[in-house]
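[1] Starting from these lines, generate the structure:
(2 chains)
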Amino acid sequence: MEQMTKAIDSLRIEHITKRFPGVLACDDVSLEMKRGEILALVGENGAGKTTLMNILMGLYYPDEGKLFINDKEVHFKSPNDAFAYGIGMVHQQYMLVPNMTVLENIALGYKQAWKGLRLDLQSVRKRVKEVAKQYGLVVDPDSYIWQLSVGEQQRVELVKTLCLGAKFLILDEPTSALTPQETDDLIALLRNMSEELSIVFISHKLQEVKDLSSKVAILRHGKVVFQGNTIDHSSSDIAALMTGHEVVLPHNDAPACTLGPMLQLRNLKVRSDRGHLALDDLSLYVCKGEIVGLAGVSGNGQRELAEAINGLRKVESGQILFDGEDIANHTPAHVISSGMGYIPEERNTEGIVPAFSMKENFILKDSESPLFSSHAFLKKKEIDQTAERLRKEFDIRSPNTDVAAGSLSGGNIQKVILAREISRNPKFLIAVYPTRGLDMGAAEFIHKQLLHLRNEGVGILLISEELEEITNLSDQVAVIFKGKIQKVIPSSEASRRRLGILMAGVKDDEEI
Amino acid sequence: MTKRFKTGYRIGVIILAIITAMLLGAIILWAIGADVFKTYLVILTEPLKNKIGITEVLLRTVPLTIIALGITVAYRSGIINIGAEGQMAIGILATTAIALAFPNLPRGVLIPFAILAGAVGGAAWGFIPGALKAKLEVSELLSTVMLNYIAAQLYTFFLRGPMLDPAELTMGSGTPQSMRLSRNLDLTRFIRGTRIHSGLFIAIALAVIIFFLLWKTSYGFKMRAAGASERAARYGGIHVPKYLIIAMMISGAFAGIAGSIEIAGVHRRAIEGVTSGYGFSGIVVALFGGLHPAGIVPAAFFFGLLIYGADMTQRLVGVPANMVQVLQGVIILVIVATKMIIANPYLMQRVEARWNALFAGKSSSKEVEA
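    Numbering: from 1, shown residues only, chains lettered A, B, ... in the order given. Here you go, the predicted model:
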């Protein structure tokens, strides 16, 4: 563990190239970082950011190019080599074992606790407490990972990396699961930490790039297209460089609810996997042709709410009135056939069957509909035509509709789900984190589709943590905290600060 | 990457896998002091040298195909059926019971009726682990294996008790078997001087039916969705427990049918040892056949060859027939490894680059932007 204490004064990568089958992920990339610097790595999905960081972490070996730490060439054959030099990474997809506790997960990589065959969990617990105290990152060491929300899991990842004594932090979209306040805290925290550390963070959010980074590098199609000091450039410059064109995220400025309620939740009580009340007497309604944004930190009951409405989770008490009918505790099939659309939180495991082809995923909910089958026999021609039409309409980038849906990029997978849900002509749509982890181009597309749907009279419950997304799209903003609706306010009155205060659990926001 | 290269690559890997399996088998054969070359030659060619040999191989292909088809339905629906052995035994009991109770029914009625009974018996035996898994999340690996033991004891009980041939009682030899079943149950032996029976056509028809069920109907679609991603299927409104149970019942029914046909076509009475490991070999056949009817039929033929060839090695080169089970084990290991290799696109690209550098002298792999 001697190497761990050594600081990293400089890290340099030269001419790194990495190919994957059919894809040039990194194309002659060179970057340099010094101690105390914070580098923001930005670029659209598939630009090669994550690949580059995985090379730094020793997960991939570059086809060409060199890596220098403190001006000495290093070769990382495995993540262990990178750890030994003090490089730590928090991945976008969390690398945690779901059926182990937080403590056990941290202990997995915490070599000091392994004494021969004995594992000293107490020392791990101590270290976790230290880190939690030092950085204000609170985690319950005895919860199981599968019980935690995505946001909580990310906190565990951060604690884990810090416990291992990382000196060079790589963060892959670190703020995607945090509230505005937490984001501000994290930014302040990272800035403090940068005095002794170097930090690279991957981000799609321009605001935090401006707030946090000292240098910014933009990747496009595996190439570095721009490098420079952050203060020298405006947000819009960086946005234009990122996508290659000016991006204007669509905005909702149509008049609000005039058509009457579509979905009414009355005094809902729903339990979480851990058995406590995740939704506690929650009431909310959404009109036809209205978008209600549900803001809140993940883990406050959003997942349970979406699952309960869709018949995937038992409702203890209360009513879910959908177009006048109580659908609480009905089967998912019933909820779907009564006209509910659903974009679930986990697009890879809940939204699509990854091993199925794109066209099979399009008919996932409709294999029995007369459109796609007659007397139980699937109609190949209709399925193929519909799939091809949806692929074109929704601009899903793949050579054909026979490719496995799981092999598509995140943005394209989300488009597949969206295409399926919209083509079913829903009366209502529940969209959970619809643009999480997507680049601005894909997010823009999805936002436009949601607004279009709204203007056609479909009610939408938009569950998100991105305040900009919520305020841009919603007519009303509801804030959820610990399974209750804190307050519902018109989008025009929903300032970032006010929402943040409500999301943090303060009910009477006007007094502050 | 060209489609031609991809296909060629896959075939190449499979050929390599077969060679690897044979080499590993050769080491084991060599270790027990057998003549390796001669043993393989006997297994792979001796059965195919005459009419009787070929039909005997086909005779073993029939139950292997039917059981493997059933296992495929279960496997594709996300449940691994190791209980075919027991489901087959229960199917045989049901068929025997019908044949004993209604020996005078005309052929056209008795045969379908008895086979249907076998299917129902097997389906009932498959329903138990299916329901346990769907409702209580009991591992099917445990429940199917345990039900095999129960079925085996039930089978013995019936053959020694209620179904015992009265002739055996009076003669006093007490061989545990039923009496010769009604001739109206006999499946036609369509080649004179051989045992091959019309069950072969039933097996092929069932293979076609399974192909249509799984890939051409909405039921099969839902089953495969449940098997490929239980969670996504549930979110897509598919009632996963229902399809699990249905799949397991189909799987059991097929094992039961295999038992019925074996009795009606080959043995003509229920005897001990009819199942003779078909239920387990069926799993290997299903996997070796890529869990697809088009692969299962040739795979079943190949394993029929192995099983029949093994009897011959015992006679001709003195290698015990149990060696075939060792070879089966080796084949399973090689299949698992082969699947991993075929699924690795990086390896494929490297091989292609080598290949092009060596032979074609040009690069056909285009780099596409991400």
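[2] Could you give the secondary structure assignment for the residue nearest the centre of chain B?
    The residue lying closest to the centre of chain B (Cα atoms, centre = their mean) is B:Gly282, at 2.3 Å. With DSSP: H, G, I helix; E, B strand; the rest coil as the basis, B:Gly282 sits in helix.
[3] One more: A:Tyr342?
    strand.
[4] for it, which residues make a bridge with it?
    A:Ile430 (DSSP bridges).
[5] Report the mean confidence score over stretch B:7-26.
    Average pLDDT, stretch B:7-26: 83.
[6] Likewise for stretch A:359-373?
    Taken as a whole, stretch A:359-373 has an average pLDDT of 92.
[7] Please tell me I have it right and the residue nearest to the centre of chain B contacts B:Ile67.
    Yes: under the criterion of Cβ atoms under 8 Å, B:Gly282 makes contact with B:Ile67 at 3.2 Å. C-betas here are computed from N, CA, C, even on glycine.
[8] give the contact list for A:Val25.
    Actually, residue A:25 is Ala. It isn't Val. Residues in contact with A:Ala25 (Cβ atoms under 8 Å, 6 or more residues apart in numbering or on different chains) are A:18-19, A:48, A:51-52, A:222, B:370.
[9] 6 Å instead, please
    A:18, A:48, A:51, A:222 (Cβ atoms under 6 Å, 6 or more residues apart in numbering or on different chains).
[10] just A:Asn300 next, same as before
    A:480-482.
[11] Would you format those as CSV with neighbour count included?
    Below are the contacts of A:Asn300 laid out as CSV (neighbours: other Cβ atoms under 10 Å in any protein chain shown):
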residue, neighbour count
A:Ile480, 23
A:Phe481, 19
A:Lys482, 15
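[12] Relative to chain B, which of those is nearest.
    A:Ile480 (21.2 Å; Cβ to the nearest Cβ).
[13] which ones are touching the closest residue to the closest one other than its chain neighbours?
    In this structure, A:Ile480 finds its nearest non-sequential neighbour in A:Gly296, 3.8 Å apart by Cβ to Cβ, 6 or more residues apart in numbering or on different chains. By Cβ under 6 Å, 6+ apart, A:Gly296 lies in contact with A:479-480, A:503.
[14] Tell me how far B:Ala101 lies from chain A.
    34 Å (Cβ to the nearest Cβ, to the nearest Å).
[15] Tell me the first helix or strand C-terminal of whatever helix or strand A:Asn80 lives in.
    For A:Asn80, the host element (DSSP states H and E) is helix A:79-84. For helix A:79-84, the following helix or strand on the C-terminal side (DSSP H and E) is strand A:87-90.
[16] where exactly do the strands run in the stretch 101-250 of chain A?
    For the stretch 101-250 of chain A, applying DSSP state E, counting those that start in this stretch gives strands covering A:114-115, A:118-119, A:168-172, A:198-203, A:215-220, A:223-229.
[17] okay, the ones you listed in a markdown table with distance to B:Asn356 and mean pLDDT next?
    Putting these into a markdown table (distance: least, Cβ to Cβ, whole Å; pLDDT from 0 to 100) gives the following:
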| stretch | distance to B:Asn356 | mean pLDDT |
| --- | --- | --- |
| strand A:114-115 | 47 | 80 |
| strand A:118-119 | 50 | 83 |
| strand A:168-172 | 35 | 86 |
| strand A:198-203 | 35 | 86 |
| strand A:215-220 | 29 | 87 |
| strand A:223-229 | 26 | 86 |
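[18] Figure out which of these is closest to B:Ser260.
    Nearest to B:Ser260, of all these, is strand A:118-119, at 55.7 Å by Cβ to Cβ.
[19] Direction included, what does the closest one pair up with?
    strand A:114-115 (antiparallel).
[20] picking that back up, looking at the contacts of A:Gly296, which is nearest A:Gly165?
    For the contacts of A:Gly296, the nearest to A:Gly165 is A:Met503 (32.5 Å; Cβ to Cβ).
[21] which bits of the stretch 301-450 of chain A sit near chain B?
    Residues of the stretch 301-450 of chain A found near chain B (Cβ under 6 Å from any Cβ of the partner chain) are A:332-333, A:336, A:344, A:349-350, A:352-353, A:355, A:364-365, A:367-368, A:373, A:376-378.
[22] From these, list the buried ones, please.
    A:332-333, A:336, A:344, A:349-350, A:352-353, A:355, A:364-365, A:367-368, A:373, A:378 (16 or more other Cβ atoms under 10 Å in any protein chain shown).
[23] Now for the residues you listed: which two are most distant?
    Checking those with Cβ to Cβ, the most distant pair is A:Thr349 and A:Ser373, at 25.6 Å.
[24] Show me the common contact partners of B:Gly282 and B:Ile67, please.
    Between them, B:Gly282 and B:Ile67 share the contacting residues B:Ala84, judged by Cβ under 6 Å, 6+ apart.
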